[in-house]
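*Asks:* please work out how this folds:
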Amino acid sequence: MFPKSDRRPPADRRNGTCRPLSTFVMMFKHAFREALTQGGVFTSRPSAFLILAAFTVGWVIFEPETFDWHGVATLVTWAMTLFIQRAEHRDTQALQAKMDELIRATSAASDDVAGIDDKEPEEIEKERSAARGQAG
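*Replies:* Numbering: from 1, shown residues only. Predicted structure coming up:
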């Protein structure tokens, strides 16, 4: 449509301005990371076990001829993954609660890190690296 020298970046439909494609890629990466984190949190909820139970019942009802030892092994693996994820999530939440209490109790501690558990893992890693650089 346009000659190569006259190509324009895609327009932002909200305000009509042009933004580079890299901004959209960065937004997609952030949304994808957020979805992965939320997916991990979801798998630690009891509703994940309900989904596993519903899947198992559906499999037995609609495809009973394929429900063999391999199927049982698959379901056991899935269940164990959910159990491990739930235990890890519980331990992480308990650790966060303890650390939040220590931060609140220590007057010299920075309140900025109290809400760090709401950030994405990559953001936390950046903040930890920056804090190590300041301490060293």
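*Asks:* rest of the way, CA atoms for contacts and neighbours
*Replies:* OK.
*Asks:* and residue 81, how many neighbours?
*Replies:* Neighbourhood size, residue 81 [other Cα atoms under 10 Å]: 14.
*Asks:* oh, I was asking about residue 116
*Replies:* Per other Cα under 10 Å, the neighbour tally for residue 116 reads 14.
*Asks:* and if you look at residue 113?
*Replies:* Counted with other Cα under 10 Å, the neighbours of residue 113 add up to 14.
*Asks:* on contacts alone, who are the packing partners of the helix or strand encompassing residue 79?
*Replies:* In this structure, residue 79 sits in helix 69-105 according to DSSP states H and E. Judged by 3 or more Cα pairs under 8 Å, 6 or more residues apart in numbering; DSSP states H and E, helix 69-105 is in contact with helix 46-62.
*Asks:* go with 10 Å
*Replies:* Contacts defined by 3 or more Cα pairs under 10 Å, 6 or more residues apart in numbering; DSSP states H and E place helix 69-105 against helix 21-42, helix 46-62.
*Asks:* now the element after that helix, going C-ward?
*Replies:* Sequence order places helix 121-135 as the next helix or strand after helix 69-105, per DSSP H and E.
*Asks:* hang on, the earlier thing: figure out how far the helix holding residue 79 is from the centre of its chain.
*Replies:* On the basis of Cα atoms, centre = their mean, to the nearest Å, helix 69-105 is displaced by 14 Å from the centre of the chain it belongs to.
*Asks:* now stretch 48-62
*Replies:* With Cα atoms, centre = their mean as the basis, stretch 48-62 stands 24 Å off its chain's centre.
*Asks:* report the contact partners of the residue positioned nearest the centre of the chain.
*Replies:* Centroid-nearest residue in the chain: residue 37, 0.5 Å away (criterion: Cα atoms, centre = their mean). Applying Cα atoms under 10 Å, 6 or more residues apart in numbering to residue 37 gives the contacts 31, 119, 120, 121.
*Asks:* reformat the residues you listed as CSV; add neighbour count, distance to residue 50 and pLDDT.
*Replies:* Below are the contacts of residue 37 laid out as CSV (neighbours: other Cα atoms under 10 Å; distance: Cα to Cα, whole Å; pLDDT from 0 to 100):
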residue, neighbour count, distance to residue 50, pLDDT
31, 12, 26, 89
119, 11, 28, 80
120, 15, 27, 80
121, 14, 28, 78
